[in-house]
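**Student:** Here is my input; please provide its structure:
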Amino acid sequence: MANIERASYRAVLKPDADGAESLDEAVRAAADQARQLVDDGILLTVGLYRHRNQLFLYTEHIHEGERPDPEKIRRAPDDWGWLHGLLRPFPALRGRDIGDVEWAYMHPVFWFDEPKSVDYYTRRPKPDARCGRIAVLYPDKLMDYVCHHQAIVHEGLLVGDRYQFISIHDNVLFSYFETPRDRGRRNINGGDGPSGEIKRWLAVDPASHFDHFPEAHGDDFLIIDTVFDFGR
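**Tutor:** Below you'll find the model as predicted:
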């Protein structure tokens, strides 16, 4: 039975890429391919988001069998060649890879629900919008944030937006979500008991972990621009 593997990626534009005609062409080509990947049943959902020179990509890969190929997932946007040559490379720090990558895989940190099949995760009805937002953690608070949020996930009791998915690269968080946010609320284990882990997180002053964007007006996360998004 086909299932879903969610993944997020981060890229940084080269200084001379912004505003270039080649960038517009590369974005159009990536959008065309993204739409085709959804139409061909390779991706269920895809969205590209931007803040200044940073790009964030969210994907839901469709795979057969119990487990996908993790390296194939990690290198997907590099294999697709999206915006190739216009991005500042990141050092490759994974497995057997040698050399640099243009799209850094972001490690999953937090989610409310887990896909059980393609049918389970197909949106009915379609969302009003597919959105992205980002946050920056103070370096000395990074592990505290990650540990608390992984504990909430492993406990599996907290109910929330089933499509939200937060990932991290360096000290940057990217959160994918959809609107309206109150539809299809779930938790991982299906229980209805109170979450002890969320109480522990709220007790350590969550806002103190974030280096806030002034334009976010006090929110921990900043909603960023959508470049393109597709889904079924």
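
**Student:** can we go C-alpha only for contacts and neighbour counts from here?
**Tutor:** Will do.

**Student:** Now the element after the lowest-mean-pLDDT helix or strand in the chain, going C-ward?
**Tutor:** When each helix and strand of the chain is scored by mean pLDDT, DSSP states H and E, strand 90-91 comes last, with a mean of 80. Using DSSP states H and E, the helix or strand that follows strand 90-91 in sequence is strand 100-101.

**Student:** ok, Trp201 - contacts?
**Tutor:** Going by CA atoms under 8 Å, 6 or more residues apart in numbering, Trp201 touches His148, His149.

**Student:** how far out from the middle of the chain is whichever strand or helix holds it?
**Tutor:** Here Trp201 sits within helix 196-202, counting by DSSP H and E. On the basis of CA atoms, centre = their mean, to the nearest Å, helix 196-202 sits 23 Å off its chain's mean C-alpha point.

**Student:** same thing with stretch 78-90?
**Tutor:** That offset, for stretch 78-90, works out to 18 Å (CA atoms, centre = their mean).

**Student:** re the thing from before, just the CA trace of the helix holding Trp201, in CSV.
**Tutor:** Provided in CSV are the C-alpha atoms of helix 196-202 (Å, rounded to 0.1, in the frame of the first residue of the first chain):
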residue,chain,number,x,y,z
GLY,A,196,2.1,16.2,30.4
GLU,A,197,4.9,17.1,27.9
ILE,A,198,3.1,20.2,26.7
LYS,A,199,2.9,21.4,30.3
ARG,A,200,6.6,20.9,30.7
TRP,A,201,7.3,22.9,27.6
LEU,A,202,5.0,25.7,28.6
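
**Student:** ok, and for that helix, which residues are buried?
**Tutor:** By 16 or more other CA atoms under 10 Å, the buried positions in helix 196-202 come out as Glu197, Ile198, Trp201.

**Student:** Also stretch 183-190?
**Tutor:** Arg186, Asn187, Ile188, Asn189.

**Student:** The last one contacts Gly156, correct?
**Tutor:** Yes - using CA atoms under 8 Å, Asn189 is in contact with Gly156, at 5.2 Å.

**Student:** which residue packs closest to Arg123, ignoring adjacent ones?
**Tutor:** Nearest residue to Arg123 in three dimensions, chain neighbours excluded: Arg232, at 6.8 Å (CA to CA, 6 or more residues apart in numbering).

**Student:** Kindly report the same for Phe221.
**Tutor:** Closest residue in space to Phe221, ignoring its immediate chain neighbours: Ala135 at 4.7 Å, by CA to CA, 6+ apart.

**Student:** which residues touch the strand or helix carrying Asp24?
**Tutor:** Element membership for Asp24, per DSSP H and E: helix 21-39. Under the criterion CA under 8 Å, 6+ apart, residues 17, 43-46, 82-83, 86, 228-232 lie in contact with helix 21-39.

**Student:** again, but for stretch 116-136
**Tutor:** In contact with stretch 116-136 (CA under 8 Å, 6+ apart) are residues 1-4, 44, 47, 49, 56, 62, 115, 171-180, 210-213, 220-226, 229, 232.
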